[in-house]
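Visitor: just coords:
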């Protein structure tokens with residue numbers, strides 16, 4: 001079976017596409033058609049920041065709506081700003097809390 005190739009809207013190049021539609025809606029079909037596995041993997045990694053910051057329950061309708069909205073903005077299907085997160089990148093060379101803590 002040959003791998004499906006898409007022109008990724010995020011990475012601007014032809015790359016392997018997803019194996020299946022990620023959501024059973026119009027957004028899911030657009031992502032399937034236009035987002036590579038590589039870009040989707042980055043979204044999954046980044047989406048954890050939203051889940052942790054907002055303590056989202058993805059089984060709830062509100063949690064699902066929030067994440068679908070963030071996903072649509074992330075992949076530039078909707079205008080808007082991504083919600084802020086509590087994520088703080090690690091400083092280079094920093095190894096944990098200051099001494100004495």
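Guide: Arrived safely, thanks for sending. As the structure is a computational prediction, the values presented were derived from the model and not from experiment.

Visitor: mind listing what residue 16 touches?
Guide: For residue 16, the contacting residues are 3-6, 36-38, by CB atoms under 8 Å, 6 or more residues apart in numbering. All C-beta atoms are positioned from the backbone trio N, CA, C, and that covers glycine.

Visitor: dead centre of the protein: give me the residue that sits there.
Guide: residue 43 (2.1 Å; CA atoms, centre = their mean).

Visitor: doesn't residue 74 make contact with that residue?
Guide: Yes - when contacts are counted by CB atoms under 8 Å, residue 43 is listed as touching residue 74 (5.8 Å).

Visitor: what about residue 30, how many neighbours?
Guide: For residue 30, the count of nearby residues is 16 (other CB atoms under 10 Å).

Visitor: for it, give me the pLDDT.
Guide: On pLDDT, residue 30 comes in at 98.

Visitor: check the gap between it and residue 14 for me.
Guide: Separation of residue 30 from residue 14 (CB to CB, to the nearest Å) stands at 17 Å.

Visitor: output the below-cut-off pLDDT ranges for the protein.
Guide: Within the chain, the stretches with pLDDT under 70 are 1, 92-101.

Visitor: list of residues touching the lengthiest helix in it?
Guide: Longest among the helix segments of the chain by residue count, using DSSP state H, is helix 37-54. The contact list for helix 37-54, computed with CB under 8 Å, 6+ apart, reads 8-11, 15-19, 22, 31, 35, 56, 58, 66-67, 70-71, 74-75, 83-87.

Visitor: and those, which are buried?
Guide: Buried members of the contacts of helix 37-54, counted by 16 or more other CB atoms under 10 Å: 8-10, 15, 17-18, 22, 31, 35, 56, 66-67, 70-71, 74-75, 85.

Visitor: check contacts around residue 31.
Guide: Residues counted as contacts of residue 31 (CB under 8 Å, 6+ apart) are 18, 21-23, 40, 71, 75.

Visitor: thinking again about what came up before, in the contacts of residue 16, find the pair that's most separated.
Guide: 4 and 38 (13.5 Å; CB to CB).
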